[in-house]
Every structure is written in C-alpha cells, then in structure tokens.
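**Student:** Any chance you can model this:
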Amino acid sequence: MAIDDRDIVHASTALPDGRLRLELSVPGIHCGGCIQKIETALTDVTNVASARVNLSTRRLTVLFTDPDNPPAIGTVLDRIGFDAFLSGSKETKGDSVYRALLKSLAVAAFAAMNIMMLSVAVWAGAEPETRQLFHWVSAAIALPALVYSGRVFYLSAWNALRHGRTNMDVPITVGLVVTYAMSLYDTVTAGAHAYFDAATSLLFFLLIGRTLDHMMRQKARSAIDGLQKLIPLGVTLLHGDGTTTYLTTDKIEPGMRIMLAAGDRVPVDGVIEKGRSEVDLSLVSGESHPVGIGPGSGVVSGGLNLSGAVVLRASAPPEGSYLADMIRLMERAEGVRGRFTRLADRVASLYAPVVHVTALAAFILWYGMGGDIHLALSIAVSVLIITCPCALALAVPMVQVTAARRLFDAGIMMKDGSALEKLIEVDTVFFDKTGTLTCSKPALINKDDLDPAMLKTAATLARHSRHPYAMTIADLWRQQSSQLDDADDVTEVPGSGIEGIIAGSRFRLGRSEWAVGDNDGGRALRDAGPVLTQDGRVVAEFRFEDEVRPESHEVVWRIQEAGLAPSVLSGDSETKVSKVAEMLGMQDYRSGHVPDQKLRTVERAVRDGRKPLMVGDGINDAPALAAAHVSIAPASATDVGRTAADVVLLKDDLRGIITLFDVARSARTLTVQNVGFALVYNAVAIPFAFFGYVTPLVAAIAMSTSSVIVVLNALRLNAPTSTEPVRSIA
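**Tutor:** Reported below is the predicted structural model:
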C-alpha cells in the first residue's frame, strides 16, 4: 500500500462546505475499466461523497465528509490492485513509465529484426542442422527480449488476474508465453517449426501502440504544469519597520505586504497599497491593453507588473488565488476529457473474453477429436496469435502519427492523437479575440496623420520603455529610420508615461491627463490613447486598436461556408469585441468573459450535445481549451495556451486551421479503412485458425501482414493535400 490511511486527513484540503478533498496519483490506471473499478469501489465506502478519476493525468480526486472518521481509501485501492501516492510525492515525479516503454521497445525491435533475418533463412529451405542452429540462436535472443520487454504486459495481466478481473494484456501474455514455450519445446525435440519470430514481432508491434498511447495521455499534465510555473517560487516580504525578507510563495498569508518590481508576476490575489504601475492582464482576463493600477486597485495572481515598483497586500492565500482556481478548473475540464474513449478501449471489454473462450474452445475441440495435445495446443496458439490486436491497435495510432508528421511539415503540431478524430465532429467554433483573431501587438491606426518630426521625438522617449504602446511607436520609427534625437533626464512615471528634455523642451509621452498636466487649460483628452506634449501642449495624439489578422477574414468565411457558426469569446470590452466581430462578419460574440465564464460557455455547449472547437492563446483561455471537444492554439499563444491545446499552430497564420480540417478529413477516411480492414481480417482469420487451417507460423505471417497493410495505408496520408475547401468535411 503506497499511501497510509492515517495520512489522508493531513494530506487533504478543507473545502468551504465542510468536506475535504484528497488528490492522489494512481499510475496504474490504463483504461475505462480501471476508472469504473476505482470509482465504484470508493463510492461504496462510508463518508466518501464522490470519487473522480482523470485518465489523462492518472489522478484520483476524492471528496469525503468526516475528518474524524476518514475513509480507508488506501486500503480499498490496495485491495482492488492499485497503488496510490500523494500528489507531488517523489513517486509521481518524472515520467519513468515513458522511459521504460522506450527501452522495452528498443529491445523488442532489436530482437524482432535479428530473429526475422534468421527466420528468412529457415523459410528459404535451410538444411536441418542449420535450421536447428538458427532456432537455438533465435531462442537465445528471444528469451531476454520477452522477459525484459514483455514485463509491461505481464505485470498488468498478473495484477488484473490476482484481483479477479481481466484486461487486454491477459491474452497477450498468454500468447507470448505459450508461443515461446511451444517453440522452445519444438527446438529441443528438433521440430520443423519454431515461432520465436512471431512472439518477438508481436511484442514489438504491441509496444509501439502502448508507447504512442502513453505519449498522448501524458500531454494533458503539461498544461497544468505550465500554469504552476507561472507562480513565482518566492517573494520579497515588506515588514512594518521597512526591512525585507525572502519568503516562499506557499507560505504567503492574507495581510502580508509584498514588494513587486517591474517585470514581476503577481504571486497571489491582493490590493495595491503603495505605488503606481500598469499590469498586463492579457493572459488572465483577455484585456488587450495594460491596466493602470495604484493604491486601492485590486490585482489577481498571474498578472505581470509592467512599469513600476508597487507594494501588494495579499488578500488570499496561494491555494485560494486566481491561478490556483485556474489549475482546478483545468483539472476539472481535463477530467471530463479524460473519459474520451479511444477505439482500442471500446473493444477491450469484449476482446479478452472472446479470444480466451475461442482459443480454449479450439483446444478442447481438437484435443477431444484426436487426443493430440501438441496439435490442439498449436491450433489454440494460432488462434491467440492470429487474433492479436496488432492491426486494430495500430489502425488509429499509425494514422495519427502520419498525420502528425504531415501537419508538422505544414507548421502544425498535433499534441493529442485523438484531435483529428474529434475535429471532424465539430459543430461549434469559439474564437478568443486578443492574440487569436487579432494581432498580439496593438496597431497604431493614425500613423499616416502624424508629423514625422513628432513621431521621431515620441520614439526617442519610447525606446526607454517596455510598455506595449511605447514599443509599437519605437518599432514603427525604427522601420523608417535609425536616427533618434538626444534626450536628457528621461524618466518613466509608472502608470502614467515617460518624459524627458529634448532640444530644450520638456516632452511627455503617456496618458493625456498626466502629459498635459496643469498646462493647456488642464485639458484631458477623454477616451484618447497616449499623447505627446511639448511643455504641456499636445503636439501629437496616438490612437491604437486591435489589428485584425489579415487571414482571419478567410478563416472565418471558410468556417461559415462549412455550415458552422463561429462565435467570439473574449474578456475584452463590448466596444472592442463587437467591432472585431462586425469586421469579420460574425453575428455571435460575448465580451467581458473571464476564464470561468468561458469555461461555463464551452461546458454548456457540451452538455447541449454540441461538439465545440475552441481557438485561444492565453491563460484565460486554458480551461476552455481543455474543456472543448477539441482545441487549437495559434503561434502567438502563451506557453500555457500551447500546453492546454490539442493542436498548436507553429506558423503565425490562422489558415493552418483550414489545413488541419483538410488533413482531418483524409485521416478519418484512412482510419475508417484501417479499422474496417482490421475487423474484416479478424472475422476471416479466426475461423481459419479455429478449424486448423493455419499454423502458428502462418498466423504470425498473417498477423504481421495485416499490421503492414494498416501501416502502408496510413502512409497514404503523405500524398499531396487536396485543394478541396473545408466545407467538404461538414
């Protein structure tokens, strides 16, 4: 038992409703059957309110009610054959399973290739002495390979059997062990045939599928890790006497005063007590422009302090902060998606018992008819080998791998292997606005109306600031000329702007009310962008707005042509969102949506039976990306957006979405063909094996041939992409 029941209360988190939440890592979860087994067992335990398993991250969340009488969760899990560890313990660090699978795959590949070369010589008609020698060499190569590489299946099968259940690894284990044992017996007795090649090839192909499946499911955890990395490890704590100390973030308590320098990310939710600055909330709320903050302003964790030092008074502990809530939203959304059942899982519940019964029936029938145990065993093994799920197991993953390579060449990274399968089912499309439909940098819309001399002066000041507006102005001038004026006494006033002396005059670039000051009648330009003033007189006005991506029009039009109604989900203001929606011809849009509102909108669509596609780029989109039927992040996406999405566009071009739809359509066709072939193959092959028309050698050849056919058919996806419009997928 990996977790002691006595540690449950101490490892749990108290919830506002009085219940406690315990999160465990259960690495032994492999399929939907495991989920059902765990959840059923735990929900029957006294005081357990609910038990939910996340298949993607292999995490178990249990809610229980009575801290004085905690449920024996560890004991129950141990009884049904699952080890559990406290989340974050050393047992959960790293991905040792993936490394073990790669090593096993390499050993199996080496053995299969070498034994197959020896088998070719045997098939070509080698002399009996040579054949016998090759059989012994094959036995020597196969044994360590089967023992080392096959343990992935043996341990899983044994764990299932000793707890009174079965899984797909049971017939695989029986087939491998019996095939090797019978081949070794035939080698010792100088028999004509041995099937070491069949056993090692079978193992090799099965490990390919298992490794691909593990890789796809591990991607989900990286999204949550990306969110956690945004939380700073420590902060500078300001004491009442003015002294400072370093404190790790997890020890922050409400009421503590924290110093934030420019460039620091806000560690916890709080209120600004001293200082002025601007905070970038584009990754948090979707607000496309920096927000000014000062004494009394509330800020949330995850925001980036841009221009000045401030003192923050914490109003929430780390576990109750905005980012912590975001992580919980991500885990909840991924838990729903973790129940997406792939094709192999859908047949797992039927495959094992059917194969066992069929092989056993063949053995009983043939042994009863002739009493030849060797013949009966040979036919039973043939049934096990020929019904090996290699073709079926590779039918979907091989198309996914080929499609992933094809998409990568086109600048598209597919992270979730089931994304293409789900993409063709999409009937609703949600777009984030800032950084997705629009460019990530603000666009200066009145640049042609500006006096070049004033633009040069503004750029002279702007080059000293990291504010997005200032950087845009500086970049715009840099495209025209590399010459700038000399400036003295340049000072940036956090939250207001930047000023300096140029040619004897004091220039200010920033907010109008600050730049004008007491001069010019105290006039402030309402709703204006930053202005440039000379000795208090406005000499230039800069107007910014979101710049719609040039390809957004085509992408939205193509999606509408496919019969899909795209919508905008944005945290930005009503005015800005409606303007972008109108420019793109989109009737439906939602503004002012914070992350949990975006998540609820997507989840509502799912509950209504729709299959939504979410396209977004920031932290505020991450929960919605995880909850959507399928999700895409553009090239400008943050690390969190990239890790949360199923697909990432590597090129800064939204037309990759159209390419993605096209490849998805082709992949669907090939997947249906592969699955259909695999099912027909089994329907035809099983009767031949059952009635003794197939030897284990022929069964191995048939099994390998079926796998090769599936692989070759999947490689057809590398053919030139059709120019057929995206509407063809609808």
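
**Student:** Am I right that Gly435 is in contact with Asp617?
**Tutor:** Yes. Gly435 lies in contact with Asp617 (C-beta atoms under 8 Å); the separation is 4.3 Å. Every residue, glycine included, has its C-beta placed from N, CA and C.

**Student:** Comparing those two, which residue is more hemmed in?
**Tutor:** Neighbours per residue (other C-beta atoms under 10 Å) separate Gly435 from Asp617, with Asp617 holding more: 31 against 26.

**Student:** how close does that one get to Ile231?
**Tutor:** Using C-beta to C-beta, to the nearest Å, Asp617 is found at 20 Å from Ile231.

**Student:** again with Pro623
**Tutor:** On the measure of C-beta to C-beta, Pro623 and Ile231 end up 16 Å apart.

**Student:** okay, these two: which has more neighbours?
**Tutor:** Taking other C-beta under 10 Å, Pro623 and Ile231 do not tie; Pro623 has more neighbours (31 against 19).

**Student:** where's that one, which helix or strand?
**Tutor:** Pro623 belongs to helix 622-627 when assigned by DSSP states H and E.

**Student:** Would you map the helices across the stretch 101-250 of the chain?
**Tutor:** Ranges of helices in the stretch 101-250 of the chain, per DSSP state H, counting those that start in this stretch, are 128-149, 151-161, 169-188, 196-229.

**Student:** hey, which of those is tucked in deepest?
**Tutor:** Comparing these on average neighbours per residue, with mean count of other C-beta atoms under 10 Å, the densest one is helix 196-229 at a mean of 22.

**Student:** where does the stretch 101-250 of the chain have low pLDDT?
**Tutor:** 167-168, 209, 212-230 (pLDDT under 70).

**Student:** For the host helix or strand of Val710, name the packing helices and strands.
**Tutor:** Secondary structure assigned from DSSP H and E places Val710 in helix 696-715. Secondary-structure packing of helix 696-715 (3 or more C-beta pairs under 8 Å, 6 or more residues apart in numbering; DSSP states H and E): helix 196-229, helix 373-386, helix 390-409, helix 656-690.

**Student:** Could you measure from His135 over to His356?
**Tutor:** 29 Å.

**Student:** same question, Cys34
**Tutor:** According to C-beta to C-beta, Cys34 and His356 sit 19 Å apart.

**Student:** who's more crowded, those two?
**Tutor:** It is Cys34, of Cys34 and His356, that has more neighbours when counted by other C-beta under 10 Å, with 21 against 16.

**Student:** surely that one meets Phe82?
**Tutor:** Yes. Cys34 is within contact range of Phe82, at 7.4 Å (criterion: C-beta under 8 Å).

**Student:** where do the contact lists of those two overlap?
**Tutor:** Gly28 (C-beta atoms under 8 Å, 6 or more residues apart in numbering).

**Student:** circling back to that earlier point, closest to Asp325 out of the helices and strands packed on helix 696-715?
**Tutor:** Across these, Asp325 has its closest neighbour in helix 196-229 (10.4 Å, C-beta to C-beta).

**Student:** where in the stretch 401-550 of the chain is pLDDT low?
**Tutor:** In the predicted model of the stretch 401-550 of the chain, residues 416-417, 440, 495, 518-528 satisfy pLDDT under 70.

**Student:** can you give me the strands for it?
**Tutor:** 412-414, 428-431, 443-444, 488-493, 497-502, 505-510, 531-534, 537-541, 544-545 (DSSP state E, counting those that start in this stretch).

**Student:** can you redo those as a markdown table with mean neighbour count and distance to Thr13?
**Tutor:** Shown next, in a markdown table, are the strands of the stretch 401-550 of the chain (neighbours: other C-beta atoms under 10 Å; distance: least, C-beta to C-beta, whole Å):
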| stretch | mean neighbour count | distance to Thr13 |
| --- | --- | --- |
| strand 412-414 | 21 | 35 |
| strand 428-431 | 24 | 31 |
| strand 443-444 | 18 | 45 |
| strand 488-493 | 14 | 42 |
| strand 497-502 | 21 | 44 |
| strand 505-510 | 22 | 45 |
| strand 531-534 | 23 | 50 |
| strand 537-541 | 17 | 52 |
| strand 544-545 | 18 | 43 |
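
**Student:** Of all those, which one is nearest Leu649?
**Tutor:** Going by C-beta to C-beta, the one of these nearest Leu649 is strand 412-414, 5.8 Å.

**Student:** ok, and what's touching the closest one?
**Tutor:** Under C-beta under 8 Å, 6+ apart, the answer for strand 412-414 is 400, 403-404, 407-408, 420, 646-651, 656, 659-660.
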